[in-house]
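Peer 1: Using only what follows, build the 3D model:
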Amino acid sequence: MTYSYSLPKRFVSSILAMQFFIIHSVSSLNLTNDYLNHKCFLDQGIYNSGSEYEDNLNIILRSVRNGNYYNNGFVRTSLGREPAPDAVTVMFQCRGDSYGSKCRSCADTAVAGFRRRCLRNKGGIIWYDQCFLWVSAIGEEMPINTDYKNIFSMYNSNNVRGDAKLFVKKVLDFFSELTLKVDKNSEAGDLVILYAEGKKKLGKNTLYAMVQCVELTIDCKSCLIWSIAKLFKNDNIKQGGRVLGSNCEVRYELYPFIRS
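Peer 2: This is a model prediction of the structure:
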């Protein structure tokens with residue numbers, strides 16, 4: 001015997017609304033790990049299949065994928081003797097809310113993405129929503145000082161409603177608070193997490209923001225200040241935006257995008 005059921009329209013609407021809320025929440029919190037950008041270091045040349053450089057690169061990328069990211073989500077490792085052409089250095093950093101298993105998962109994604117997008121290039125950078133990977137011949141200077149060449153911006157497609165100048169002032173004030181927190185951490189010693197995030201009410205809206213520096217960066221505050229200013233060089237003010245590089249990252253939105 002076959003049974004058929006007819007649910008009340010109000011009940012069906014409630015189910016659909018709940019599904020939309022769940023999907024929207026997942027999207028807002030960036031539970032996915034989207035590819036953002038990459039740059040291959042063409043000036044460093046390419047390596048040959050079966051070369052010692054390829055062997056060293058395979059070993060070092062394997063160590064990145066198998067690393068322990070429960071401490072501060074950062075690893076820097078080198079293999080090979082400088083200035084030998086087979087030497088390689090790798091730096092990997094996760095976003096401040098993506099440590100542990102989420103960071104390890106992003107490491108897998110970043111390594112696979114780098115191999116695919118920078119095929120046989122000795123060096124390059126690839127950015128994802130929750131991490132980035134930097135690969136270079138060891139003779140190339142590590143980005144201890146802010147590398148302003150490898151920085152890019154991304155923006156929310158929605159314009160700010162109302163007083164855009166007031167909005168920018170409040171966003172900048174909030175970024176200043178977060179930068180101050182990171183700057184204090186940078187003076188705390190080794191193995192500190194140069195990351196700060198938070199939220200603040202802006203009338204009917206809530207502003208969410210984060211700032212982060214790579215552990216090696218010696219001018220973290222300067223990098224953050226420059227990146228924050230870059231967000232608002234365009235008069236067309238958006239509801240959200242981010243600047244990413246190999247030394248620091250800043251982002252703001254009017255929706256939650258950071259895990260607790």
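Peer 1: Residue 58: which element?
Peer 2: For residue 58, the enclosing helix or strand under DSSP states H and E is helix 52-65.
Peer 1: And the contacts of that helix?
Peer 2: Residues lying outside helix 52-65 but in contact with it, judged by CB atoms under 8 Å, 6 or more residues apart in numbering, are 47-48, 75, 77-80, 85-88, 90, 92, 104, 107-108, 111, 114-115, 122, 133, 135. C-betas here are computed from N, CA, C, even on glycine.
Peer 1: Of those residues, which belong to strands?
Peer 2: Assignment to strands by DSSP state E places the following of the contacts of helix 52-65 there: 75, 77-79, 88, 90, 92, 133, 135.
Peer 1: Would you check which pair of those residues lies furthest apart?
Peer 2: Of all pairs drawn from those, the one with the longest distance (CB to CB) is 79 and 133, at 15.3 Å.
Peer 1: Between those two, which is the more surrounded one?
Peer 2: A side-by-side neighbour count of residue 79 and residue 133, using other CB atoms under 10 Å, places residue 133 first with 25 against 18.
Peer 1: if we look at the sheet, which residues does the more buried one bridge to?
Peer 2: According to DSSP bridges, the residues that bridge with residue 133 are residue 92, residue 126.
Peer 1: So it sits against residue 115, correct?
Peer 2: No: Residue 133 is beyond contact range of residue 115, at 10.3 Å (criterion: CB atoms under 8 Å).
Peer 1: Let me know the secondary structure of residue 222.
Peer 2: Residue 222 carries the three-state label helix when classified by DSSP: H, G, I helix; E, B strand; the rest coil.
Peer 1: just the one 4 residues further on next, same as before
Peer 2: Secondary structure state of residue 226, per three-state DSSP, is helix.
Peer 1: For residue 247, see how far away it is.
Peer 2: In this structure, residue 226 lies at 10 Å from residue 247, with CB to CB, to the nearest Å as the measure.
Peer 1: Over to residue 234?
Peer 2: Remark: distance between residue 234 and residue 247 (CB to CB) = 22 Å.
Peer 1: So which of these two has more stuff around it?
Peer 2: Applying other CB under 10 Å to residue 234 and residue 247 shows that residue 247 carries more neighbours, namely 28 against 11.
Peer 1: how about stretch 92-103: buried residues?
Peer 2: By neighbour count, with 16 or more other CB atoms under 10 Å as the criterion, the buried positions of stretch 92-103 are 92-99, 102-103.
Peer 1: of all those residues, which comes closest to residue 194?
Peer 2: Within the buried residues of stretch 92-103, proximity to residue 194 (CB to CB) peaks at residue 96, which comes in at 8.5 Å.
Peer 1: ok, residue 207 - how many residues close by?
Peer 2: Residue 207: 21 surrounding residues under other CB under 10 Å.
Peer 1: if I look at it, how far off is residue 196?
Peer 2: Here the distance between residue 207 and residue 196 works out to 14 Å (CB to CB).
Peer 1: circling back to that earlier point, right, and out of the buried residues of stretch 92-103, which lies closest to residue 41?
Peer 2: Nearest to residue 41 among the buried residues of stretch 92-103, counting by CB to CB, is residue 92 at 16.1 Å.
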